[in-house]
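Undergrad: let me see the structure of the following:
(3 chains)
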Amino acid sequence: MIEDILKRYTEPTVTTVCSHSSLQIFDGARKEGFKTLGIALKKPPKFYDAFPRAKPDEFMILDDYLEIEAQKDELLRQDAIVIPHGSFVEYMGADRFRELQVPTFGNRRVLEWESDRNKERTWLEGAGLVLPAELDLDEVDRAVIVKYHGAKGGASFFIARNREEIEARVDKTQEFTIQEFVLGTRYYIHYFYSPIKEDGYALSKGTLEVLGIDRRVESNIDEIYRLGSINELARVGIDPSFVVTGNLPLVLRESLLPKVFEMGEQVVEESLRLFGGVIGPFCLETICTPDLEFVVFEISARIVAGTNLFISGSPYADFIEPGLSTGRRIAKEIRAASELGRLAEVIT
Amino acid sequence: MIEDILKRYTEPTVTTVCSHSSLQIFDGARKEGFKTLGIALKKPPKFYDAFPRAKPDEFMILDDYLEIEAQKDELLRQDAIVIPHGSFVEYMGADRFRELQVPTFGNRRVLEWESDRNKERTWLEGAGLVLPAELDLDEVDRAVIVKYHGAKGGASFFIARNREEIEARVDKTQEFTIQEFVLGTRYYIHYFYSPIKEDGYALSKGTLEVLGIDRRVESNIDEIYRLGSINELARVGIDPSFVVTGNLPLVLRESLLPKVFEMGEQVVEESLRLFGGVIGPFCLETICTPDLEFVVFEISARIVAGTNLFISGSPYADFIEPGLSTGRRIAKEIRAASELGRLAEVIT
Amino acid sequence: MIEDILKRYTEPTVTTVCSHSSLQIFDGARKEGFKTLGIALKKPPKFYDAFPRAKPDEFMILDDYLEIEAQKDELLRQDAIVIPHGSFVEYMGADRFRELQVPTFGNRRVLEWESDRNKERTWLEGAGLVLPAELDLDEVDRAVIVKYHGAKGGASFFIARNREEIEARVDKTQEFTIQEFVLGTRYYIHYFYSPIKEDGYALSKGTLEVLGIDRRVESNIDEIYRLGSINELARVGIDPSFVVTGNLPLVLRESLLPKVFEMGEQVVEESLRLFGGVIGPFCLETICTPDLEFVVFEISARIVAGTNLFISGSPYADFIEPGLSTGRRIAKEIRAASELGRLAEVIT
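TA: Numbering: from 1, shown residues only, chains lettered A, B, ... in the order given. The predicted structure follows:
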């Protein structure tokens, strides 16, 4: 179906919702010679006027993101290829996004494996990654993080050091998971899997790249130490929160790169077995322990906002090609697939 | 007066004091084809020899920064346009700087609105920004930060969690303000307002840009957690301090950019109403709360040192033009104003 | 001896062990037109396939790094110049490395001054730097850091606040040093000393550059505050550790640059007096206190991993030359020395 649509396309228009990582998606698409279309609510967002290299050629203005479905024909008329990002999926709803009959970069089947915590765990454990232990309430014998289900963006977590603290604080009307709290330093690793590129770090099919690494900045946990320890503050009624407000750039010890690539490789190979592959950008959200082991607490199966740090390259992308952002890498993948007549392998 | 001087200028010499952000100011001026002049004490600072692209063409050597006034004629002879930065204003004194009869980039009237905490509050609240609540001693019912007046650079603050702690620690011989302590993550946003640029994010007059974001690194508060909580340490006589030693780069969630631009827009519009406008670079020093609201705790109405991170671009400037530092942006503004015969609109 | 070998070289091959900072060493060498050779164990590390600009032209595959000595003739046949980095020296052993009869960038005599804590202190104090006080157990009257001897990479430290805490925790079967714990913010400053470059920041012989600054990210100490204060955690048996997992980029206040260069200058001048000079890259690991003084807690006398942040320039290197990494700077030094017929001054 999408394959048939793609056959009718002449020159794709790179399309996304005006948020999250859209600036680099439009900038990267422009650099690779694509037309660009930004989907926004009510009126064109004025801030693009300040960023001429990242302003889409045209806007599609809606009253509600749910209207995207209704705009299907217009999107097809413009040869739109939709680039999903976290806000896109969140605004539209995962179910609706999955059904959208417009060509979409990446493999939408990844959504079911990513949005369901059990399936995500199946995937990542199947890939041989180390995940934080999940504990039942009566097994809690160490520091844990209690996560409410369905919450995204880090808003609904709390840290507890024993069963009593959980009992005292948890909202039992919501579903929650108790995860081991892993002490270490966080690295969010930006991968890119291409099923069509031949030269590079070879997988059973295609190649794997690392384009950058960031650390999320979470409010208020990341600066709460300025007022006191989280335990002292809990006693005066001030609780930590984990809302992502931004990102800062990092590099990892080079001696850890073999592990970093092995993790990415295993995640892709397992995804190929399970659902045809996590195509394009994905991110492993890791904690690097004092033993230099990575514990992976989540996967994001599309472009992450941390890539916004690296518009004109990163300490990793610079070894691949000058000026390579993840947004531009996506545009290059579409261009290459188009030239090879293999668009259907990267667009679903 | 300054306008008359400007009419006699043929080719401006970009001039500043050799500190703070002078490397990028000279580098940017050189890239835009300007001669450069560095003002220094005693002898030319040797460290410029290590940075050939940022070394001024000439030095003016003084025994004391107060001599700048006396050098007025020499500065005018060289067609000097002074770029003020935080150290420049601090070394010379705000009053003297205001009276200096040498063309200066930006609007010097901003000084009176920025250096007086009450006027600063009038300006920012008039712009609709959210500021930390100011409390009287007997109103203190939450964590607060106690700031001594006139202190710059972050040296004279302390954090207290209730009235008793303030009473125990405050030096009542100094004037001080008690401000609500806002928990969140800090973002220092680098804006640039041009009254003459037409294309871009349009204001009632001119356009607004965002060139970068940093977080200040404060000694010792930012690493005090390595020894214990600030409350534990207070008990053994170790106090936190807030002295800025450097900066690190950050990006904000893209979905917050509309707010970021609105804040900047309102600040400029209010400044146009109050005193003719905050021209050129300015910085809003914000805390992004877990509700994704910005609380603004200060404005710097000129180039800030955090821009030193972004000599060859930033994750924001890269969407405007390759290799754009704030120093270079200033040079471009002078060049453009000069070519349009509108120097008097950006230089006072 | 090495001098004689160098005379027989026609076109050097830049050679290093495939770890630590090898990506930028190979990338920089390639940019300066050198052939490159990567030494690895068992098989060529696959991750280089993902970074085509940093992949060495050839690999030398060993079963053990101790075999490097045995490969001497093959290395000489390839006109190899070895670039030592921390992992290289660690894997091979400092003694063996010192005796390796293959031309090596830098002055290997630095090893004896760096690996022995007493000699290191002699060097740095002789250079006039401020080091943390070293205390005997019965002198401990403030917060201290207890360091086991010979430990590298930060694994073997702990923090204590008084003598009792040390007594309770120290492993007396190991040798250890008790150092004053200095509160402040850490800056790792990347210097480069060239004995042959004439134009620039001049020393008694040659010139000094600053190429970048980073902060090490240490697991778990850097994120331990997310769970509680280190003292609270010690009570439940969770100890801080100081294992370096990566690095993040920083800049220092520009007004501190004169001090930064003076420190570097004094370190080089003292090294010239003591052992013929610390040639090429070195790093001062500093804490900037609230009084804006630098306390230096260690020197690394070769390329440090923090330079991995700055592959295409840094906020300091950008003022020297576009796209200058430390790896590339090393390659430029070899190229310049080669053209001047002065290789023996930078290679030992």
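
Undergrad: quick check, A:C283 in a strand?
TA: Yes - assessed with DSSP: H, G, I helix; E, B strand; the rest coil, A:C283 lies in a strand.

Undergrad: that one: neighbour count?
TA: Neighbourhood size, A:C283 [other CB atoms under 10 Å in any protein chain shown]: 25. Yep, even glycine has a C-beta here, placed from its N, CA and C like the rest.

Undergrad: need the pLDDT of it.
TA: pLDDT recorded at A:C283 is 98.

Undergrad: do you know how far it is from A:H190?
TA: The spacing between A:C283 and A:H190, counted by CB to CB, to the nearest Å, is 6 Å.

Undergrad: what is in contact with the two at once?
TA: Taking CB atoms under 8 Å, 6 or more residues apart in numbering or on different chains as the contact rule, A:C283 and A:H190 both touch A:V304, A:G306.

Undergrad: low pLDDT regions in the stretch 51-200 of chain A?
TA: For the stretch 51-200 of chain A, the stretches flagged by pLDDT under 70 are A:150-156.

Undergrad: can you list the residues of it near chain C?
TA: A:A143, A:I159, A:R161, A:F181, A:L183, A:G184, A:T185, A:R186, A:Y187, A:D199, A:G200 (CB under 8 Å from any CB of the partner chain).

Undergrad: correct me, but the first one touches A:R161?
TA: I take that to be A:A143. Yes - between A:A143 and A:R161 there is a contact under CB atoms under 8 Å: 5.1 Å.

Undergrad: mutual contacts of these two, please.
TA: Joint contacts of A:A143 and A:R161 (CB under 8 Å, 6+ apart) are C:L227.

Undergrad: and the residues of the stretch 51-200 of chain A next to chain C, which two are the farthest apart?
TA: For those, the farthest-apart pair by CB to CB is A:R161 and A:D199; their separation is 50.0 Å.

Undergrad: so between those two, which is more surrounded?
TA: Taking neighbours as other CB under 10 Å, A:R161 and A:D199 compare with A:R161 leading, 20 against 8.

Undergrad: looking at it, the more buried one is touching C:G228, isn't it?
TA: Yes - A:R161 is within contact range of C:G228, at 7.5 Å (criterion: CB under 8 Å).

Undergrad: now for those two: what residues contact both?
TA: Common neighbours of A:R161 and C:G228 are listed as A:N231 (criterion: CB under 8 Å, 6+ apart).

Undergrad: close to chain B: what parts of the stretch 151-300 of chain A are there?
TA: Residues of the stretch 151-300 of chain A lying close to chain B (CB under 8 Å from any CB) are A:155, A:217-220, A:222-229, A:232, A:236, A:238, A:241, A:243-249.

Undergrad: PyMOL command for the buried members of the residues you listed?
TA: Restricted to buried positions by 16 or more other CB atoms under 10 Å in any protein chain shown, the PyMOL selection for those reads:
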select buried, chain A and resi 217+218+219+220+222+223+224+225+226+227+228+229+232+238+241+243+244+245+246+247+248+249
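
Undergrad: what's the separation between A:G33 and chain B?
TA: According to CB to the nearest CB, to the nearest Å, A:G33 stands 18 Å off from chain B.

Undergrad: so what's the backbone phi/psi at that residue?
TA: Main-chain torsions, A:G33, degrees, to the nearest 10: phi 90, psi 20.

Undergrad: buried set for the strand or helix carrying A:V260?
TA: Per DSSP states H and E: A:V260 is located in helix A:257-275. By 16+ other CB under 10 Å, the buried positions in helix A:257-275 come out as A:257, A:259-272, A:274-275.
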